[in-house]
Structure formats: C-alpha cells, structure tokens
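**Q** Okay, here's the prediction I keep looking at, along with the sequence it came from:
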Amino acid sequence: MSNVLKNSERIAVIDGVRTPFAKQMTTLKNMTSLDLAQTIVNELTSRHYGIEKYIEQLVYGQVILNPSIPNIAREVILGTRLKSQIDAYSISKACVSSLQATINICGAIKSGTIKSGIAGGGDSASNIPFMSPDQFGQWLLNISKTKSFLKKIKLLSKFKLKYFIPRTLSPSEYTTGLFMGQIAEQMAQKYGISRAEQDEFAMKSHINASQAEIEKVMRQHISIFFLEPYDNYITTDNNIRHDNEITKYGSIKPAFVQNIGTVTAGNSSVMTDGAAAILLMSEKKALELELEPLGYIRAYNNTAISVEEDMLMGPSFSIPRLLEQERMSFSDIDLFDFHEAFAAQTLSNITALNSRNFLEKNNLYNKIGSIDLHKVNPLGGSIAYGHPFAATGIRLILQNLIQLKKTNKNLGIIASCAAGGLGCSMLLEVNSE
Ligand SMILES: CC(=O)CC(=O)SCCNC(=O)CCNC(=O)[C@H](O)C(C)(C)COP(=O)(O)OP(=O)(O)OC[C@H]1O[C@@H](n2cnc3c(N)ncnc32)[C@H](O)[C@@H]1OP(=O)(O)O
C-alpha cells in the first residue's frame, strides 16, 4: 500500500518531542503508558502558544496494550490541556505503530477531513498488564450468572490452582511462536551476517548516539522529564554506552540460541520505556499560521510479507517500492534512519537492498543503486537509544529531519520492520525554502 503526497500537498511536520528513553525498570518505571502519553502531548502543545484550537484529531499507537484503557488516545485528550471535542483513536501495529499513527493523520489531512493533528506513540515496558488464564474468567462468569446457590457451590469447587498462573505480553511472534531474536538469528545465517559485523554495527550505534548526545543534537526535542515526587528530573536517554570497546561486545553470550548464536544483549535493542509525538499540519495551514515546519512527509509505503521466514525484512520490500513510486534511487537520498531491532536484522535488510538478485527474485524495483553506509543512522539507532516499541517510528522521523536540517541536506528515508512481517518506509523532506 503506497501513497505519494504531491509537493503541493506535502504534510508539514511542525514540531515533535519525545521523552528520554529509559531501559525497562529504570528511571521511568513509575510512569504508566498513559502518564508518558499525556506528558509528551502536553509538552508538545505547550511549546506552541494557542495551538490547541487548531488540533482536530489525535492518533496514538501502543504495542503493550492495557485492557483497562482500550482507547489511550482519548484518555490523552481528556487528561491534557486539549479540548474534549478533539477526535481521538488508538492503533496498534507492532513497531510501526507511531508511523501508522502518522500516516493516518497524513491521510486525514490529505482527504480534507482535518487540517492539523497529532500523531504519537509509546510504551511502558515496565508496566506490563498481567492477565488471568481465560478459563479463570469463564469460571468467574459462570458463577456470577448461575442463580442457584447449590450450583454456585458446585462451580466454586471446580476452582483450579492454575487459574493463578498469570499470562503476560509474549516476546514471541504469535503465529510462529518464535522470539524476535530467533528470527534475527535466522536472518543473520541466511544473509551471512557474522557476529563480528553485528558487534561492530551495534558499537557504532552507541558511538554515534553518544556523540549526538554530547553535541546535544536532539536536545530541543527531548523533553525534560520530571519524576515523581517531582524533586528530580531527567533529560537524557539512559541506555547509550559512552565506554565502548569491541572486546566487551565480543565477550557477551548469545541471548537466543545457545553457544552457536550470534545475537546478544550487546547487539540487540533492549526493552525500553518512552513516548513520542509530532504535530502535523497541511502545508497551507502551516503557511497561514506562519509556522516554520521541521520538514515534510512526502511519501510513504506500507508492506506486508510472510512470517515463516525473514519476518523482519519488511524494509527491504517497502523501500524499493517507495523509491519506485518517487522515481528515485539511493543516490538521491541524503540520509537514512533505520530501526535497529537487532544489528543482524538491520544488516540483513541493508544486504538485501544492495543485492540485485534479491530485488529481482522478489520482483522489486531494481534501479535503486546501493546504500552508502555512512548515510545510515549517523545519530545512532534503537540499539543505543532503546526501543519503546510504539515510540520508535516518531523518533526516526524526528532524528532524520533534525539531522537533515543540521547538515543542510534535503531528502531522507526512514524505515522500520515490525512483528507480523510488516514494514513501513517514509520519504521525508526538510523545509529547504
Ligand atoms: C516488535 C516489532 O514489531 C519489531 C521489533 O522491533 S523486534 C525487537 C523487539 N525487541 C525484542 O525482542 C527485545 C530484544 N532484547 C531482549 O530481549 C533483551 O534485551 C536481551 C534478551 C537481548 C538481553 O537481555 P538481558 O540479558 O536482560 O540483557 P542485559 O542484562 O542488559 O545485558 C546482559 C549483559 O550484557 C552486557 N551488555 C549489554 N550491552 C552491552 C554493550 N553494549 N557493551 C558491553 N556490555 C553490554 C550487560 O552489561 C550485561 O552484563 P552483566 O551480565 O555483566 O550485567
């Protein structure tokens, strides 16, 4: 599924902000997903005096769903300074959730339904809902629906101890039952990505992110985050390593396939808490309000592939389709920001994109040339920052636009794989006028 937004209809990214990203069960552990979402949307809107009256819709993505808050987007509206008349809905699309939230707002703007909206996404990996087994719920329902006292007693006697065994978020893919890390191992084997290459790539992610933090490249777009009881605050991501030695990476044991595996804690993204949001507007409305956008969303592509093998290869299908739509090749693109679920997954995608064989075999547009690795994730990626699933897409958009602007460049591509064989890519453009 593709969409090209013609120049005259570009969607302006007015501004964006994210929380600092924090490793699971660290500084943000006491913030629920809703706390993170409300805080970040409040922060975004408070940066633009009077903007609330122009916002017409909010779409918010989440992966770790809380059944007691089925529409978190609406709770964001009701718990912030935004008008209760603003439409809001929530979506869940694995790691591309906030990219899909962005695409939905773009679609609503393009169709003329709205002129301005907020897209966001985030997850708290520290606050995972635990559920009772289904049989426990049915047992309780049966008891409550039974009118006869004797029958109730009989049902009570059928209680089983296993009802106390909680179920929670599974780190494995539902259909195949495979862990994401196992899938990354499978891809590393198929695309010939060695452990040394993975470690090197992961270390580069940390080195680049560390440098970006020192240079405060993203500082304006990372909120100062006050921690309850509000006598303390954080401003930086806490997973970035500033002391990188390749020998340390090499000494970490495989995490998903014992002994012979190559995917480790060092070359994987970690479970993370965080949220992000962007303010989107039609180009015309932005001009009318005399707002200077960070940049524009020019086109995007959503792709789905099979889950049996290579499940995290979505970008390798999505990007050629995006380039074909735009009649472009890699040499036209100044900067790439790819989600790094695992070094093995990112490198497998880059290898496939650079392989004429792969493109031809999959009937993909093959006049795309090859990716210059120096243009990939120059500010670091998910391995260093962490990966609060539904926030990562918007982190990619922000990072890409800020770096394009800083380096006086114009066009960027961001891309992410997602569980379920999904992939999404976007073509971004800075305000070059
Ligand atoms: C969902 C989608 O739609 C698409 C996707 O994105 S798929 C990806 C989804 N995400 C995942 O699957 C999460 C993958 N990651 C994980 O499951 C876990 O991080 C993991 C199993 C790989 C590791 O977990 P863990 O064992 O708790 O790691 P952790 O304790 O932090 O690190 C282990 C050791 O390595 C060390 N280490 C980690 N990174 C290091 C680095 N960069 N340099 C040096 N040492 C490092 C740690 O210090 C630690 O050392 P000690 O044992 O001495 O303390």
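**A** Perfect, I can see it now.
**Q** what about stretch 83-98, start to end distance?
**A** One end of stretch 83-98 sits 22 Å from the other (CA to CA, to the nearest Å).
**Q** ok, now stretch 216-226?
**A** Stretch 216-226 end-to-end distance (CA to CA) = 19 Å.
**Q** roughly how far is it from the heart of the chain?
**A** Put simply, stretch 216-226 sits 18 Å off its chain's centre (CA atoms, centre = their mean, to the nearest Å).
**Q** tell me the mean pLDDT over it?
**A** Confidence over stretch 216-226 (mean pLDDT, whole number) is 92.
**Q** Get me the contact residues on the stretch 151-300 of the chain for the ligand.
**A** By the rule CB under 6 Å from any ligand atom, the part of the stretch 151-300 of the chain lying against the ligand is 171, 180-181, 206, 241, 248-249, 252, 255, 265-266, 268-271. All C-beta spots, glycine's among them, are computed from the backbone N, C-alpha and C.
**Q** what about 5 Å?
**A** 180, 241, 248, 252, 255, 265-266, 268, 270 (CB under 5 Å from any ligand atom).
**Q** Would you map the strands across the stretch 51-200 of the chain?
**A** 57-61, 87-91, 116-123 (DSSP state E, counting those that start in this stretch).
**Q** does the ligand sit close to the last one?
**A** No - for strand 116-123 and the ligand, the contact criterion (CB under 5 Å from any ligand atom) is not met; the two come no nearer than 10.0 Å.
**Q** what comes into contact with stretch 279-288?
**A** 8-16, 44-45, 48, 51, 54-55, 102, 105-106, 109, 115-119, 289, 291, 293, 296-297 (CB atoms under 8 Å, 6 or more residues apart in numbering).
**Q** ok now the longest helix seen in the chain, how far from the chain's centre?
**A** Longest helix in the chain, counting residues (DSSP state H): helix 195-214. Distance, stretch centre to chain centre, for helix 195-214: 19 Å (CA atoms, centre = their mean).
**Q** So for the helix or strand following that helix, what gets flagged as buried?
**A** Downstream of helix 195-214, the first helix or strand assigned by DSSP states H and E is strand 225-227. Neighbour-count burial for strand 225-227, counted by 16 or more other CB atoms under 10 Å, picks out F225.
**Q** after strand 225-227, next one along is what?
**A** Past strand 225-227, the next helix or strand by DSSP H and E is strand 232-234.
**Q** Show me what that next one is packed up against.
**A** strand 225-227 (3 or more CB pairs under 8 Å, 6 or more residues apart in numbering; DSSP states H and E).
**Q** Could you list the residues in contact with the strand it packs on?
**A** 19-20, 27-28, 30, 39, 232-235.
**Q** what about the helices in the stretch 251-400 of the chain?
**A** Ranges of helices in the stretch 251-400 of the chain, per DSSP state H, counting those that start in this stretch, are 283-288, 314-326, 343-353, 356-361, 382-385, 392-406.
**Q** Keeping just the C-alphas, turn the fifth one into PDB.
**A** This points to helix 382-385. Extracted in PDB, the C-alpha atoms of helix 382-385 (Å, rounded to 0.1, in the frame of the first residue of the first chain):
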ATOM      1  CA  SER A 382      17.400   1.700  18.500                       C
ATOM      2  CA  ILE A 383      20.300  -0.500  19.800                       C
ATOM      3  CA  ALA A 384      21.700   2.600  21.600                       C
ATOM      4  CA  TYR A 385      18.600   4.500  22.400                       C
END
